[in-house]
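>>> Need a 3D model of the sequence below.
(chains A and B)
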Amino acid sequence: MTPSSPDALVPADRDGDNEIAVALSGITKRFPGVVANDDISLQFRRGEVHALLGENGAGKSTLMSILSGMQRPDSGRIEVAGRTVAIGSPAAALRLGIGTVYQHVLLVPSLTVIENLMLGAPWWRRCDRKATLARFDELRDLLSTKLEPDAPVGRLSLGEQQQVEIMRALWHGEFVVILDEPTSMLTPQGVEELGTVIRRLRDHGVAIVFITHKLKEAYDLADRISVLRLGKVVGSLAPDDLRRRSEKEVIDAVIAMIFGRAQEDAGLKDTLLGSAHKAGERAALAKDLPPRLVVEGASTLASRGECPLTGASLEIRPGEVLGIAGVDGNGQKHLAEALAGQRQLSAGRIELDGDSIQDLDVIARRAKGVRYITDERLDEGTAAHHSLAVNLVIKEIGKDPFWQQGITKWGKILGHAREKIESHDIRTPSARTAIGKLSGGNIQKALLAREWSPDATLVIFNKPTYGLDLQNTLRARAWIRGGAGAPGAAIVVISNELDELLDVSHRIAVMNGGRIVGTVEVKPGAEVEIGRLMTGADSAPAGGDEAGQQTR
Amino acid sequence: MTGRQLQSLLGGLARVLLPVALALIAGAVLLLLLGKDPLAYYGYVIKRGLLSPTGLQASITRTIPLLTIAAGLIVAFRAGLWNLGVDGQFLLAAVCVAALAPALVTVMPVLPAILICFVVAFAVGALWSLIPALLKARHGINEIISTLMMSFLGVSLANVLIKIPFNDPTTTVPQTATLPVEDRLLRLGDTTIPCGILIALAAVLLVHVMMERTSLGMKLQIVGANPRAARHAGLNLQRLTVVAFALSAGLAGLAGALDVLGVHGTIRADWNPAYGILVIPLVFLARFNGYAVIAFVFFFAVLMIGGESAARRLGVPNFFVLVLVALLMIFFAVTEYLDQRRRSRLGV
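Here you go, the predicted structure:
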């Protein structure tokens, strides 16, 4: 998916006059205290990939949920195929031929591909396998994939699951598909395959709305780019503009739109383009100190569908940032949980500053300065219905000064929350707002605020910038690079964005099949070696079956 | 801003009063279909349950076990544990106290005897929840099923106890020895209301304060809200599960002691008031809020007492009270659903 020239991206027979599939005019949607969409007018055309760019909170998700029938606009008109419509429910959107593929896969893992596709049928109708299969074959040819109709969805790679979702979105007619951050969960190869699918759909005449905050992808795939900022459309690049300008010109123009000024901030641009590691400056390391964290032969037990640790070993020196790279589902989650004390080791040992800690629980390890920022923010990081203030002290329940003799000091808890809101720039109506109502980026800021401590000895970050906007991604990365505010702490960063690891780490360890298969010093050209380790090109990992499933 | 506050206050009131009104209207329609005069029925229920002095005292007395059980249910439900076995816990504790109290008062003064009875009742209730609690904590076994099964076992065991070891041979029907009236809980002033009402009210308020203002309450709330977040935060899920169950079932046991020591003085075989099953919907209606529980339980007690009188007088079956509660639940659910839909349309 490497762009050669803009001309190659926008075929010559394609111009700005394709048939309009969906036209939005004057769409406004208010939430208490925010105008999420402010008088938005956009047109999505058939046979065109229309990228919507913007920071977190720019209004992309709201616009998407209006199009997919999850929300209704306060004012404004939606025309589908020239007819004014009201999209009252997701089912109505599907009937109009508008299908949505969400960021996270929404399939039943225990059912087969074809069964998942039959789920949408009305309850009073019998499941007609033959007709479903016929449609499945049609779409499979269109997408040019090799999906098996009777494969259980849980066995498919994330990329293949996404293809099933795209099929479902196209089920009622190949008309409009909305893709919400479709590449965030995919391997580089998966991204490439998705690009192929998107191009095929475009050539078939589907209108594709491609929501992303990765500028590089937008540039590679889109025929038209629109940028949202603070709920408004602040600029668009028509196919003509994209064709005429060079890659650099397009990127400069889009960055200027995203941030509302012609900003020549090298850091922002590098982050957008995924070349941030060139700009990163790491804290210097004292190489002669004994390691702070030693993990030796760590193994865990896994339930079905998880990848356990199968004898992972690593060492981290004081102040060192160790990146953990690897395709998702190769034991990273178990490594993080085993370090944090949420998961028992079945074998092996963990030493922090020479003391073995593998038998300590979460609280005892936290007292020793272990901090864990989980990647499952809503599933385990927070209690969604509880306030931001409570969630900020959820790991301190019963401790001074928030509780005294077991009595809750609400004043202290709320005061602490206000400090954190201020110091970590958490955008929230108030400290009492249920944390689940905040945006993903702000929830992540709250988690970072909760785990921040100057006395930390071991900080584990699991996908620390996932879902953050550019400014906050940059801030978070700079913060990790600078030692996460805990001088001398051993820092583990797990991420599936290699570029991020290259940016923040001193060394990068690669996980495959529950083991560390190699560790690479960060220096120019490290990517190649890491890529080789990630794909298992020069090792035969234990538990390779599972890894093979994931990467296939 | 004040307009907005007023609006939200009115909205909140409407959300409570509208379903009540609708339930009463639907109940009236049912009464008409049964050939009864709904106005006479409702008037009689209110007169006998609320307005007459003896009726009011009977209603308040009836709230004692209901409130104490409700306090226990609040603990469990807010910790996300569905303790549906309160009837077994209640009855077993009540039977043990009914056997123990008459024996104790012969060997010691009344006050320590009563205190010992309270402790024993709490312990018996808590003990009866131990098996479901451990199954849930250790193996994740669904507590709805296990508490219900333990409840059936508890009720049966209580009957066995009454008929064999605790049977008072001086009576013709199987029942426990009777606690003399002068040894029962003190009455409030010159009413017939036992002072157990103070204990019941205190139980509800203490539970409310515990859940809202203590670290234990906060831990239980987090366990209830998201067990995985609790595990992530390092809370001891197993211990908290057992503690929540013990508190919940212990309060159900205490309710049994209050009912025996304050009202009945003895228990006959096959007596099972099934208070727990009656209180569960009320606790849900009150959304686990202690103050709201007091209001709902009182309202329900008035219906029960008035309904019992009306059953004798007007020939409307006693069960009609349960029909009213069921209607109330349905209309609460419908109002809630419509309100949610309205909100999601407004995007609030």
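>>> Below-threshold pLDDT in the stretch 151-300 of chain A: ranges please.
The model of the stretch 151-300 of chain A has pLDDT under 70 over residues A:184-185, A:187-188, A:259-287.
>>> Which of the helices or strands spans A:Ser315?
Careful, residue A:315 is Glu and not Ser. strand A:310-316 (DSSP states H and E).
>>> Buried ones in that strand, by neighbour count?
A:Thr310, A:Ala312, A:Ser313, A:Leu314, A:Glu315, A:Ile316 (16 or more other Cβ atoms under 10 Å in any protein chain shown). The way it works is simple: take the backbone N, C-alpha and C, and place the C-beta from them, glycine included.
>>> Tell me the pLDDT of A:Pro11.
At A:Pro11, the pLDDT value in this model is 41.
>>> Quick check: beta-bridge partners of A:Leu352?
Taking DSSP bridges as the rule, A:Leu352 bridges to A:Leu293, A:Asp355.
>>> Could you do A:Ser387 as well?
A:Ala434.
>>> And for it, the neighbour number?
19 (other Cβ atoms under 10 Å in any protein chain shown).
>>> That one reaches A:Arg432, doesn't it?
Yes. Assessed by Cβ atoms under 8 Å, A:Ser387 is found in contact with A:Arg432 at 4.7 Å.
>>> joint contacts of these two?
Here A:Ser387 and A:Arg432 have no joint contacts, going by Cβ atoms under 8 Å, 6 or more residues apart in numbering or on different chains.
>>> residues in contact with B:Leu130?
With the criterion set at Cβ under 8 Å, 6+ apart, B:Leu130 makes contact with B:Val242, B:Phe245, B:Ala246.
>>> ok, these vs A:Pro290, which is closest?
Nearest to A:Pro290 among those: B:Val242, at 42.4 Å, using Cβ to Cβ.
>>> Can you tell me the SS state at the residue of the stretch 51-200 of chain B found nearest chain A?
Across the stretch 51-200 of chain B, the shortest distance to chain A (Cβ to the nearest Cβ) belongs to B:Gly80, at 10.7 Å. What DSSP: H, G, I helix; E, B strand; the rest coil gives for B:Gly80 is coil.
>>> ok, and the closest non-adjacent residue to it?
Once flanking residues are discounted, B:Gly80 sits nearest to B:Gly224: 3.3 Å by Cβ to Cβ, 6 or more residues apart in numbering or on different chains.
>>> And for the closest residue to chain B within the stretch 251-400 of chain A, the neighbour number?
Chain B sits closest to A:Val362 of the stretch 251-400 of chain A, with a gap of 3.0 Å, by Cβ to the nearest Cβ. For A:Val362, the count of nearby residues is 20 (other Cβ under 10 Å).
>>> residues in contact with it?
A:Ala340, A:Gly341, A:Gln342, B:Arg231, B:His232, B:Ala233, B:Gly234.
>>> Now with 10 Å, please.
Shown in contact with A:Val362 (Cβ atoms under 10 Å, 6 or more residues apart in numbering or on different chains): A:337, A:340-342, A:370, A:372, A:395, B:231-236.
>>> Where does the closest residue to chain A within chain B sit: helix, strand or coil?
The nearest approach of chain B to chain A comes at B:Gly234, 3.0 Å away (Cβ to the nearest Cβ). On the three-state scheme (three-state DSSP), B:Gly234 is labelled coil.
>>> per-residue pLDDT, the closest residue to it other than its chain neighbours?
Leaving out its chain neighbours, the residue that sits closest to B:Gly234 by Cβ to Cβ, 6+ apart is A:Val362, at 3.0 Å. With respect to pLDDT, A:Val362 scores 92.
>>> again with A:Val49
Predicted confidence (pLDDT) for A:Val49: 92.
>>> ok, now B:Ala93?
96.
>>> what distance separates the one helix or strand it maps to from the centre of its chain?
Assigned by DSSP H and E, B:Ala93 belongs to helix B:86-107. With Cα atoms, centre = their mean, to the nearest Å as the basis, helix B:86-107 stands 18 Å off its chain's centre.
>>> thinking again about what came up before, quick check: the residue of chain B closest to chain A touching A:Ala364?
Yes. Using Cβ atoms under 10 Å, B:Gly234 is in contact with A:Ala364, at 8.3 Å.
>>> A:Glu148 contacts A:Val113, doesn't it?
Yes. With contacts counted by Cβ under 10 Å, A:Glu148 reaches A:Val113, the gap being 6.7 Å.
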